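Novice: Everything below, folded, please.
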Amino acid sequence: MVRVSRLVCCFLCLVLCLFNSGCSHKRSYFPKNMEQQSIQIVRFDNALMNVSQDSALQDVRVLYDEYEDFMPVFAENILGINSDDTLYLADALPQFLADTMYGFAETNAEVQRQFADIADIQEQLDDAFTKIHYLYHDLPLPMIYFFISGFNASILFMDDDMAVGTDMYLGSDWKYYNQVVYQYQKQNMRKECVPIDVVSAYLFRNIPYTSTKNNLLENMIFRGKIMYLVSILLPNYPDYEIMGYTQEQWDWCETNEQAIWNHIMDRRDLFKTESMLLTSYLNDGPFTSEVSQDSPGRVGTWIGWRIAESYMEHNQDVTLQQLMENGDAQLILHDSFYKP
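Specialist: The predicted model follows:
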């Protein structure tokens, strides 16, 4: 009897393992022999630190020579200076870098310290864009400039390329952030968030939103599909990090998932198009006002992710490309069998 019991236990354990592995949303979408891609990260932030008050004009000209594509973008979008006015730029740039009122000088030094080694960021981006290139051969891979924004921007786009304001990723407790952002925004201002922000911004820019109805359901499903894809492209991050939540915020959503869905259905919000309602459900904020002041922001996007995830679990023959190209949100909801 003891031998039989042990065999039964082993069999049950095997079945449970197979069941759990089959239900995981981390399906294997990519072959092992993909053509590896390497994203070029340009350290414009380091180059800025070479600008000296004593040789500013010469240093600015060097920046224009070495970074002819990005320097005009930086001058006009970050400094607000005509990119042709090199004399004025040579006067203003050293002051911008050394400013103490807003803590730029100390912040720039902290950027140099924290971002001295970016091997982890490079590895995550190379892996993610290798997969993106496999899925979308026609999309150009970006060159990524690291720059100092003076707390003006986290991500910039220039045609096919991108830029990351490294001074916006110094950690949730960086003291000068209290002057420029809200409390709820600081949790995602960390160095490890850079790959998530780059990949998600790239996808939102390059995967078109094609809905003509522009109701809550269409927006939820579109944004949820993007978040699902980001989680596949960056598998080393937990889902709550991909979402930009804390573990506690993610747990709150899971605990209240059925109540959230019932609330949406009872109010018949799915097919509403009012901009204020869409903003409440989908945009970042301290909470989702349509749901609860105890909730995190963007609960509508979180529900959309859950629907996309459920859809892919129940439709194993659907590829990632097919998911992203499917613009029929009602069909995705129906075929997801989503029932929290």
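Novice: what helix or strand does the spatially closest residue to residue 158 that is not a sequence neighbour sit in?
Specialist: Nearest residue to residue 158, sequence neighbours excluded (Cβ to Cβ, 6 or more residues apart in numbering): residue 73, at 5.2 Å. C-betas here are computed from N, CA, C, even on glycine. Taking DSSP states H and E as the criterion, residue 73 maps to helix 71-77.
Novice: thinking again about what came up before, I figured the residue nearest to residue 158 hits residue 163, correct?
Specialist: Yes. Between residue 73 and residue 163 there is a contact under Cβ atoms under 8 Å: 7.3 Å.
Novice: Spit out the residues that contact the two alike.
Specialist: residue 156 (Cβ atoms under 8 Å, 6 or more residues apart in numbering).
Novice: more neighbours, these two?
Specialist: Set residue 73 next to residue 163 and count neighbours by other Cβ atoms under 10 Å: residue 163 wins out with 27 against 20.
Novice: any idea how far residue 125 is from the more buried one?
Specialist: 14 Å (Cβ to Cβ, to the nearest Å).
Novice: try residue 102
Specialist: From residue 102 over to residue 125 (counting by Cβ to Cβ), the distance is 29 Å.
Novice: Which one of the two is surrounded by more residues?
Specialist: residue 125 (27 against 14).
Novice: Excluding residues flanking it in the chain, which one is nearest that one?
Specialist: residue 39 is the one closest to residue 125 (Cβ to Cβ, 6+ apart), at 4.6 Å.
Novice: Residue 74 - how many residues pack around it?
Specialist: 24.
Novice: for residue 268, same thing?
Specialist: Around residue 268 there are 9 residues (other Cβ under 10 Å).
Novice: Secondary structure element holding it?
Specialist: Applying DSSP H and E, one finds residue 268 in no helix or strand.
Novice: Please, which helix or strand holds the residue sitting nearest the centre point of the chain?
Specialist: By Cα atoms, centre = their mean, the chain has its centre lying nearest to residue 197, at 3.0 Å. Residue 197 is part of helix 194-206, with elements assigned from DSSP H and E.
Novice: Same check on residue 280?
Specialist: Judged by DSSP H and E, residue 280 forms part of helix 275-282.
Novice: re earlier: counting contacts, what elements does the helix holding residue 73 pack onto?
Specialist: Helix 71-77 sits against helix 56-66, strand 155-158, with contacts defined as 3 or more Cβ pairs under 8 Å, 6 or more residues apart in numbering; DSSP states H and E.
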